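Asker: Sequence unavailable; structure follows:
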């Protein structure tokens, strides 16, 4: 040891070091204690910005803090689910009311914790400036236009709740004002109707309700354009053609209707071709039951009535006479001449004909109505029940049409014998009562002999005097039969002032016949002979065309191209009436 460095000196040095150590220890504990009283704030927000739609909505954010915090919104339209809380992680819901202004708006959410402050910027989009000047139109049954003012600062879409409503054109636009013009089709039916027009822009919608009153069920009768009685009108019809297997192809859950039996949609070009070929009348078999939209009232869909009208217009606009009926139509009428079905069928028959008659009431004498088609319970002789019930369907038809008034008070109507069979017409048929004289026609059909005219399984492909004795000629139904059948019709009806429509007749084309040349000759002879015999006995012939121009078909025209396919058959039919 250094002699100059004594033990006493060392002890003093250690004592000094202990004092210094003690001082620092006190300072450390003192500082820690003060830190416990005033910790450093730790504040975190889950987002720096929120955006809201103009419709108003609720969103959220999280606050994470190590101490007490407070939150505020700068705007009254923006509210917070919590405005204060303790340390930890907390979810806060933020709700914005709808913005009715046409400008965006902003707000700020401020969160403070101790000396720390953080903010969230809030943006809400402007209102779409989307309003209309009317929400409802109540109108009469006429075709008309409706005007609607729309205020909008951007484009919008228009949707229609019914096909009788449409947009006339694009709206007239000036600034934020749009002037819409909507077309409302004439309500030809006997039921009031209502539908909506919906305008949409993003999530915003405006709805207009259009209420249209019904066409009057009954009006005062008028004979304007209805000068011809049944005899005079029958004389104007030279030869008719059937638009078969088209509009009577009934719609159902599995059937599209008009085109479901293999024929294309009927066109004006087809009807024009029929006229050009020499026919001046068209029988339009129609189905209705598959187009009923209310099974209580039996209301027919507007779209179907409109479609039938289109086809009628193809005819009438070309000076063609047209007949519409209730054809097979699923069999509800045609297959039920029984007492058990009578009440229900007559109720439906009345309801449908009231609508059909009113809808087509304004047509002149170019349009005729036929009440039924081939009503039958079987193909043998009818019972008293069958005849009684079937003829009640004719009477219901006549009464329903006449009650609608207008031109229908004078319209020429066609009523059918049982199964439209000539023998049954002679033996059983009685004309219904009518409020106006000489405005009824009777209807029968003729496909005799059936083994030649319609039986697809038969080998009878020849007909007439030139082929008598051939095994391919029927043993009955030759020229003398045609003459006697039609002469009996003339005696009972035509001579009594009741014109008779031969609503269907014809013979199928058999391309598979063993002797094709002789078959064509026989078929054309048959068509010519029957047509001439009908005209000679005062009947009005309507050839049956089902659209099939191939084997076992009655078709004369290609319905897709509107071209004549079998000119030879057309020629003999038209020449027979000259």
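Answerer: Ah, there it is. All of these numbers come straight from a predicted model, not from anything done at the bench.

Asker: Provide a list of residue ranges in the chain with pLDDT below threshold.
Answerer: By pLDDT under 70, the weakly predicted segments of the chain are 1-38, 128, 253.

Asker: Could I get the full set of helices for it?
Answerer: Counting by DSSP state H, the segments of the chain that form helices are 7-37, 230-236, 268-277, 302-316, 339-359, 384-403, 422-428, 450-453, 479-492, 516-536, 567-575.

Asker: Mind listing what's buried along the second one?
Answerer: Of all the residues in helix 230-236, those buried under the rule 16 or more other Cβ atoms under 10 Å are 230, 231, 233, 234. C-betas here are computed from N, CA, C, even on glycine.

Asker: and what of stretch 315-335?
Answerer: Quick answer for stretch 315-335 (16+ other Cβ under 10 Å): 315-316, 318, 320-330, 332-335.

Asker: One more: stretch 299-315?
Answerer: So for stretch 299-315, counting by 16+ other Cβ under 10 Å, buried means 299-302, 304-305, 307-309, 311-312, 314-315.

Asker: if we can go back for a sec, now the helices of the chain as JSON lines including distance to residue 207?
Answerer: Listed next are the helices of the chain as JSON lines, based on distance: least, Cβ to Cβ, whole Å:
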{"stretch": "helix 7-37", "distance to residue 207": "65"}
{"stretch": "helix 230-236", "distance to residue 207": "49"}
{"stretch": "helix 268-277", "distance to residue 207": "37"}
{"stretch": "helix 302-316", "distance to residue 207": "21"}
{"stretch": "helix 339-359", "distance to residue 207": "29"}
{"stretch": "helix 384-403", "distance to residue 207": "38"}
{"stretch": "helix 422-428", "distance to residue 207": "57"}
{"stretch": "helix 450-453", "distance to residue 207": "58"}
{"stretch": "helix 479-492", "distance to residue 207": "60"}
{"stretch": "helix 516-536", "distance to residue 207": "58"}
{"stretch": "helix 567-575", "distance to residue 207": "55"}
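
Asker: which stretch among those comes nearest residue 368?
Answerer: helix 230-236 (7.7 Å; Cβ to Cβ).

Asker: starting at the chain centroid, how far to the closest one?
Answerer: The chain centroid and the centroid of helix 230-236 are separated by 37 Å under Cα atoms, centre = their mean, to the nearest Å.

Asker: just to revisit the earlier point, of all the helices of the chain, which one comes closest to residue 219?
Answerer: Residue 219 sits nearest to helix 339-359 of all the helices of the chain, at 8.9 Å, using Cβ to Cβ.

Asker: Contacts only, for residue 237.
Answerer: 280, 281, 321, 540 (Cβ atoms under 8 Å, 6 or more residues apart in numbering).

Asker: Among these, which lie within strands?
Answerer: Of the positions in the contacts of residue 237, 281, 321, 540 sit in strands, assigned by DSSP state E.

Asker: Out of those residues, which comes closest to residue 220?
Answerer: Nearest to residue 220 among the ones in strands among the contacts of residue 237, with distances taken as Cβ to Cβ, is residue 321, at 25.4 Å.

Asker: Can you tell me the closest non-neighbouring residue to the closest one?
Answerer: Of all residues not flanking residue 321 in the chain, residue 281 sits nearest, at 4.0 Å (Cβ to Cβ, 6 or more residues apart in numbering).

Asker: what's across from that neighbour in the sheet?
Answerer: residue 240, residue 321 (DSSP bridges).

Asker: so which of the contacts of residue 237 is the most crowded?
Answerer: Ranked by neighbour count under the definition other Cβ atoms under 10 Å, the contacts of residue 237 are headed by residue 540 with 26 neighbours.

Asker: correct me, but that one touches residue 498?
Answerer: No - Residue 540 is beyond contact range of residue 498, at 11.9 Å (criterion: Cβ atoms under 8 Å).

Asker: neighbours around residue 467, how many?
Answerer: Residues lying near residue 467 (other Cβ under 10 Å) number 20.

Asker: OK, contacts around it?
Answerer: 473, 518, 522.

Asker: Make a markdown table out of the residues you listed and add neighbour count and distance to residue 256.
Answerer: Below are those laid out as a markdown table (neighbours: other Cβ atoms under 10 Å; distance: Cβ to Cβ, whole Å):
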| residue | neighbour count | distance to residue 256 |
| --- | --- | --- |
| 473 | 22 | 41 |
| 518 | 16 | 40 |
| 522 | 25 | 37 |
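
Asker: Take the residues you listed and lay them out in CSV including distance to residue 369.
Answerer: What follows is these, written out as CSV (distance: Cβ to Cβ, whole Å):
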residue, distance to residue 369
473, 39
518, 42
522, 36
